[in-house]
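Colleague: could you look at this predicted model? Sequence included:
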Amino acid sequence: MTSCTDIWSETMESGEWSISSQGRDLCQRYIIERSLKAGAQMKKVRMLFDTLSESRVADEVADRLLEIIHIMELLNPSIYDSCSSKLKLTMSTDEQVKWTYERITSQLLKTGISWGKLISIFTVCGALASDCVLQGHTDFLPIILDSFEESCSQTSINHYLKSMNGWSGVVEHFDSTTQVQRVNRKDIFACVAKKSVRLAQTISSRINMVSVAMILFFFFIMTISLFRYISQMSSVPT
């Protein structure tokens, strides 16, 4: 099977390689996904992203990267859920969106660059996209994408990505260190189950026991579904 490295090498040899443009393509896919989950209208999103990035990333690389981001979201939902609630800000202007992005990413990269931090920047973009949609500013989504591309153009990030074999390196890094494929499924299951029980306990004082039982059953079904989803992603061949 063709590896992500081979795909990336073919892209470089064809003269289409561009770190920032490839990053824009990856980020665009993720922003579209998060914005639709937040309730954005497909027609509106298509109008905002009616053109493809200059350099398309191979689907195999992009899909695997999204899988890694999804696992990071699942393991740290409180971190990657929203930027507005944590900073107590609203995405009222495009300047506010750009400022928020720059503030968070500058802190992330303050002590250096790593693949974990780059993945975190993706999730920041997704959280901002969700915030914009929920606050009625879907038209700000391109601002997030532009900001991400600008970050990829920075000398430090650009050189780091090139030295690590480009964006396909994120797949190789996580797979080779088994941080994704060997995530302890029991730990994930226990984590989700624990959060479900904690939530049920929080609201139990406000509703009757029958309702609590129904909620516990609901979260049990959700836990099973998430566990199966993680199992499927972990078994995807690379």
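Modeller: Alright, I've got the coordinates. From a predicted model like this one, the values you see are computed outputs, not experimental measurements.
Colleague: mind checking the SS state of Val124?
Modeller: helix (DSSP: H, G, I helix; E, B strand; the rest coil).
Colleague: skipping its backbone neighbours, what lies nearest it in space?
Modeller: Once flanking residues are discounted, Val124 sits nearest to Ile104: 5.3 Å by CB to CB, 6 or more residues apart in numbering. Bear in mind the C-beta positions are built from the backbone N, C-alpha and C, glycine included.
Colleague: other SSEs contacting the helix or strand containing that neighbour?
Modeller: Ile104 is located in helix 94-108, with elements delineated by DSSP states H and E. Judged by 3 or more CB pairs under 8 Å, 6 or more residues apart in numbering; DSSP states H and E, helix 94-108 is in contact with helix 115-134, helix 141-153.
Colleague: who touches the shortest one?
Modeller: Going back to what we said before, that points to helix 141-153. In this structure, residues lying in contact with helix 141-153 by CB atoms under 8 Å, 6 or more residues apart in numbering are 19-21, 23-24, 27-28, 31, 35, 40, 45, 48-49, 94, 97-98, 101-102, 105, 121, 125, 128-129, 132-133, 157-158, 161.
Colleague: after it, next one along is what?
Modeller: helix 155-163.
Colleague: alpha carbons of the helix or strand following that next one, as PDB, please.
Modeller: Using DSSP H and E, the helix or strand that follows helix 155-163 in sequence is helix 168-176. Presented in PDB, the C-alpha positions along helix 168-176 are these (Å, rounded to 0.1, in the frame of the first residue of the first chain):
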ATOM      1  CA  SER A 168       2.500  13.800   6.300                       C
ATOM      2  CA  GLY A 169       5.000  13.800   9.200                       C
ATOM      3  CA  VAL A 170       2.100  14.300  11.600                       C
ATOM      4  CA  VAL A 171       0.700  10.900  10.600                       C
ATOM      5  CA  GLU A 172       4.100   9.200  10.800                       C
ATOM      6  CA  HIS A 173       4.900  10.800  14.100                       C
ATOM      7  CA  PHE A 174       1.800   9.800  15.900                       C
ATOM      8  CA  ASP A 175       1.600   6.300  14.300                       C
ATOM      9  CA  SER A 176       5.300   5.600  15.000                       C
END
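Colleague: lowest-pLDDT helix or strand in this structure?
Modeller: For the chain, the helix or strand with the lowest mean confidence is helix 4-13, at a mean of 42 (criterion: mean pLDDT, DSSP states H and E).
Colleague: counting neighbours, show which residues of the next helix or strand after that one come out buried.
Modeller: Later in the chain than helix 4-13, the nearest helix or strand by DSSP H and E is helix 19-37. By neighbour count on 16 or more other CB atoms under 10 Å, the buried set for helix 19-37 is 19-35.
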